[in-house]
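[1] Model the following, please.
(chains A, B, C and D)
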Protein chains: 2
Amino acid sequence: MARTASAMRGQILESALRLFSVHGFRGTSLQDIASDAGCSKASLLYHFASKETILTELLTPARDALATLLDRVAGLERGRLVEETVIGYVDLALRFRREIRLLFEDIAEMSCHQTLNVLELADGLLDALAGHSRRAPSRVAAWMVLGAVFITSATEDEVAPDEVLRAEMIRSALRTLDHSPQCAADA
Amino acid sequence: MARTASAMRGQILESALRLFSVHGFRGTSLQDIASDAGCSKASLLYHFASKETILTELLTPARDALATLLDRVAGLERGRLVEETVIGYVDLALRFRREIRLLFEDIAEMSCHQTLNVLELADGLLDALAGHSRRAPSRVAAWMVLGAVFITSATEDEVAPDEVLRAEMIRSALRTLDHSPQCAADA
DNA sequence: ACGGTAACTGTCCGATCGGTCAGAACTGAC
DNA sequence: GTCAGTTCTGACCGATCGGACAGTTACCGT
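    Below you'll find the model as predicted:
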């Protein structure tokens, strides 16, 4: 074939991003990418030094964009700081959706394929968090609480002692859901 | 050796959970688990039918606990529903921390080891979201927003059109941070 | 003491992976 | 047409993985 270098490179990156975001980095082989991109595995390694080089090249734009955002808000006073950061972060996350998805590797795959059908449970949890509401704001907020608690509890660095962490997570979650607590502090 | 069956099984599960939560499922080999548990790889497969069986057995308690929670809150009226669900979910997440961590596989590993030092950026983002505050409530809320936006934007099912999603994410995030918006709707 | 059974292991296997390499196929400049 | 240089590929390699299996060891009821 011998197309121009940049064309094949672009095709490879596109295929890689798509496959990575579905099956994860480890779950996608060079052969998978090659088949999808319509070239040989050896051709991949002609254009990219290694599998990891492909990943790096895919994530670099998102990384740079985040760095730029942090630079931009660095000098702001506290009032504007939080707001600008939030807006910028949300925009970034939406722009680099597939890149974020690939970071999750195979959480989704693992959840689906397993004997334990976690998906159904997640749906139930989501529904309860949204107070059975089907309105978009409630659903979005429910998703956010789901993710927030999930990630925060997986945090490695000790943000706070467990008791404080628990109390703050509950309060923040109820705030996220715009739910005025009735007796949030009970066990 | 021939210890009692349950003792070796327990040791294997313990080693597996620890290694999975650090290096991820795919990133941990049966040999790794065997070495850590102090037995042969063949011994693993005597106690467990396959690698995946180990994973299933590890996740089952968390799955069951979540199912129990959903059952318990199923009949509640809306006022109590949200609150009980949030508290129950937070407690579950903290109780099954390591299980959750293993679901993330190697996000952490990927972030660290790469040329792009994402960790430093994440710290910066966290700091900005917390409005430079070092107080625990602010830090926890910042972590929650970080995770919330991250996961919500990775969502596959269309919760809402992108514009709605964006607006709701921003509003919810600011609510989570207990930040009264000054002009949250601007671009 | 002995035989059955549960616990355990060394060794091997096929599959798959990321990566190498020599050379074929194609291109554009002259 | 020729030829240098780029692009691409089939075939191969070593490593590693999950798993199979026959055989060994330790335990225990009788």
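[2] what about chain A, any weak spots by pLDDT?
    For chain A, the stretches flagged by pLDDT under 70 are A:1-5, A:105-119, A:180-187.
[3] Please, where are all the helices along it?
    Counting by DSSP state H, chain A has helices at residues A:5-23, A:30-37, A:41-47, A:51-73, A:78-95, A:97-103, A:107-113, A:118-129, A:136-154, A:162-176.
[4] And stretch A:91-106, what's buried?
    Applying a neighbour-count criterion of 16 or more other C-beta atoms under 10 Å in any protein chain shown, one finds A:91-94, A:96-97, A:99-106 buried in stretch A:91-106. Backbone N, C-alpha and C define where each C-beta goes, glycine included.
[5] again, but for stretch A:71-81
    Buried residues in stretch A:71-81, counted by 16+ other C-beta under 10 Å: A:73, A:81.
[6] which residues does the residue nearest the centre of chain A contact?
    Computing the C-alpha centroid of chain A and ranking residues by C-alpha atoms, centre = their mean puts A:I100 first, at 3.7 Å. By C-beta atoms under 8 Å, 6 or more residues apart in numbering or on different chains, the contact list for A:I100 reads A:62, A:93, B:150, B:153-154.
[7] Distance to B:G79 added to the residues you listed, as TSV?
    Supplementary listing: the contacts of A:I100 in TSV, determined by distance: C-beta to C-beta, whole Å:
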residue	distance to B:G79
A:A62	41
A:A93	32
B:F150	30
B:S153	30
B:A154	31
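[8] So of the residues you listed, which two are at opposite extremes in space?
    A:A62 and B:A154 (12.6 Å; C-beta to C-beta).
[9] returning to what we had before: just name the most buried of the helices of chain A.
    Comparing the helices of chain A by mean neighbour count (mean count of other C-beta atoms under 10 Å in any protein chain shown), helix A:136-154 ranks first with a mean of 24.
[10] and that helix, does that touch chain B?
    Yes. Against chain B, helix A:136-154 shows contacts by C-beta under 8 Å from any C-beta of the partner chain at A:136-137, A:139-141, A:143-154.
[11] same question, stretch A:70-90
    Yes. Under the criterion of C-beta under 8 Å from any C-beta, stretch A:70-90 makes contact with chain B via A:70, A:73, A:78-83, A:85-87, A:89-90.
[12] Show me the domain layout of chain A.
    Listed by automatic domain parsing, the domain ranges of chain A are A:5-92, A:115-176.
[13] for the first one, the distance to its chain's centre please.
    Between the mean C-alpha location of domain A:5-92 and the chain-wide mean there is a distance of 12 Å, by C-alpha atoms, centre = their mean, to the nearest Å.
[14] With the last one instead?
    Averaged C-alpha coordinates place domain A:115-176 at 15 Å from its chain's average position (C-alpha atoms, centre = their mean).
[15] Next up, the contacts around A:L146.
    A:L146 sits next to A:122, A:125-126, A:129, B:89, B:151 when contact means C-beta under 8 Å, 6+ apart.
[16] was I right about A:R18 contacting A:R98?
    Yes. Here A:R18 reaches A:R98: they are 7.3 Å apart, a contact under C-beta atoms under 8 Å.
[17] Include distance to B:A42 when you put the helices of chain A into JSON lines, please.
    As requested, these are exported to JSON lines (distance: least, C-beta to C-beta, whole Å):
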{"stretch": "helix A:5-23", "distance to B:A42": "30"}
{"stretch": "helix A:30-37", "distance to B:A42": "30"}
{"stretch": "helix A:41-47", "distance to B:A42": "33"}
{"stretch": "helix A:51-73", "distance to B:A42": "31"}
{"stretch": "helix A:78-95", "distance to B:A42": "46"}
{"stretch": "helix A:97-103", "distance to B:A42": "35"}
{"stretch": "helix A:107-113", "distance to B:A42": "25"}
{"stretch": "helix A:118-129", "distance to B:A42": "31"}
{"stretch": "helix A:136-154", "distance to B:A42": "33"}
{"stretch": "helix A:162-176", "distance to B:A42": "39"}
